Each structure stands twice: as C-alpha cells, then as structure tokens.
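When you get a sec, could you give me coordinates for this:
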Amino acid sequence: MTSLYELTIPFLIKALKSEQGLLAKTEGVPTSTTFVEGPEQKMWDLGQQIGISSIHARKIVHELTGKPFAFFKNEEGFSVDELKKQLDETIALLESVKPEEVDGKESQIVQAMLGQMPDGTPITKPMKAINYVEGYLKPNVYFHLTTLYDLLRWKGVPLGKGDYLSAFLVIEQ
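Reported below is the predicted structural model:
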C-alpha cells in the first residue's frame, strides 16, 4: 500500500514544480499576474491560482506535522518574481518533510478549507487525512494547476501538454 507521505508530499512537489515550469515560459511574453479583466469575469487571476496551490501544500504540512502555516499576503497582487519565490519557499517546506512525520496519520482529522463567509471567516470541515488528500487536496491542486495553464495559454504563452506534465513524468531508462 502506498503511504500517506508518498501520496501527498511528492505529488505536491511535482505539482508546484509544474507551476514553476509554466511560469518560466512567461519570460519575454508580455503578461500581468492580473489576467482576468472586466467585471463579467469570475475567474481568479494567476496569483490566486498559484497562491491556492501553495496554501493547500502549506496547510497539509501544518496539519500533519505541526510546522507553521502562513498565508502569503500582498493586497496589491503578486509579481511573477514574487510568485516564483512563493513556489520556491513552498517546495523547500515540502522537501523538509520526512516520511515519518506523515506516515501513520491517515486517520488523523484535518480541517478542509471549503471557502469563507462574506466577513472572511474560513469555512472548514473535519476530514480524515487520507480522505482529505485523495478527495480534496489532489483535485483542488490539479484544478488550480490546470486553470493556471489555461490562463497562460489564453494570454498567448507558448505552452503545450508536455509543459503541464513534465514535472509528473517518470521516464524509465
């Protein structure tokens, strides 16, 4: 059976490295982190897509290991360089997690962030860690990675499926 660590930490590292690779392709392409213009648009921008992936990664590390959890805050929005730094820091946090800090905690109750009230109060629901990882964390991270990819393509960044998949592929020699 695959361990909770194996299901969680390597997956998150690969997903965030995929986001790094997508951002690297923006070099020389006129972009802004605020990709979604106009009041009719309901989609969050580039910074939010990366921010949410980073939040999910940091939150599960906190829930399973007790390591500090902090949001990245910038009311004005993040530059591409700041987003790259955010990804670097989150990957470093993930790489610091040891299997023994996570394994065996499949039944531990963690709090799933399911949004927020209009006043900003988080809406959370308790879930077993394994159910959280498989049914909430992974689908959410894939969703925001895919949306990041789509936003960048929409703005003309030259991306293909290989750019999305490259961090996930394990090629046998």
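
tell me the pLDDT at T33?
At T33, the pLDDT value in this model is 57.

Isn't L22 up against S166?
No - counting by CB atoms under 8 Å, L22 does not reach S166; the two are 9.5 Å apart. The way it works is simple: take the backbone N, C-alpha and C, and place the C-beta from them, glycine included.

Which elements pack onto the helix or strand harbouring T90?
Under the criterion of DSSP states H and E, T90 resides in helix 80-95. For helix 80-95, the elements it packs on are helix 4-24, helix 46-65, judged by 3 or more CB pairs under 8 Å, 6 or more residues apart in numbering; DSSP states H and E.

Mind putting the ones you listed into TSV with distance to S79?
Compiled in TSV, the helices and strands packed on helix 80-95 are given as follows (distance: least, CB to CB, whole Å):
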stretch	distance to S79
helix 4-24	11
helix 46-65	9
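
Minimum distance to I123: which of those helices has it?
In terms of CB to CB, the element of the helices and strands packed on helix 80-95 nearest to I123 is helix 46-65, at 13.9 Å.

residues of the closest one that come out buried?
Of the residues in helix 46-65, those with enough neighbours to count as buried (16 or more other CB atoms under 10 Å) are 46-64.

do the same with stretch 89-105
For stretch 89-105, by 16+ other CB under 10 Å, it's T90, I91, L93, L94, V97, E101, V102, K105.

Kindly indicate which of the residues you listed lies nearest P158.
Where the buried residues of stretch 89-105 are concerned, and distances follow CB to CB, P158 has its nearest neighbour in I91, at 24.2 Å.

Looking at the helices and strands packed on helix 80-95, spot the one closest to Q173.
With respect to Q173, and counting by CB to CB, the nearest of the helices and strands packed on helix 80-95 is helix 4-24 at 19.0 Å.

gap between the closest one and the chain center?
From the chain centre to the centre of helix 4-24 is a distance of 8 Å (CA atoms, centre = their mean, to the nearest Å).
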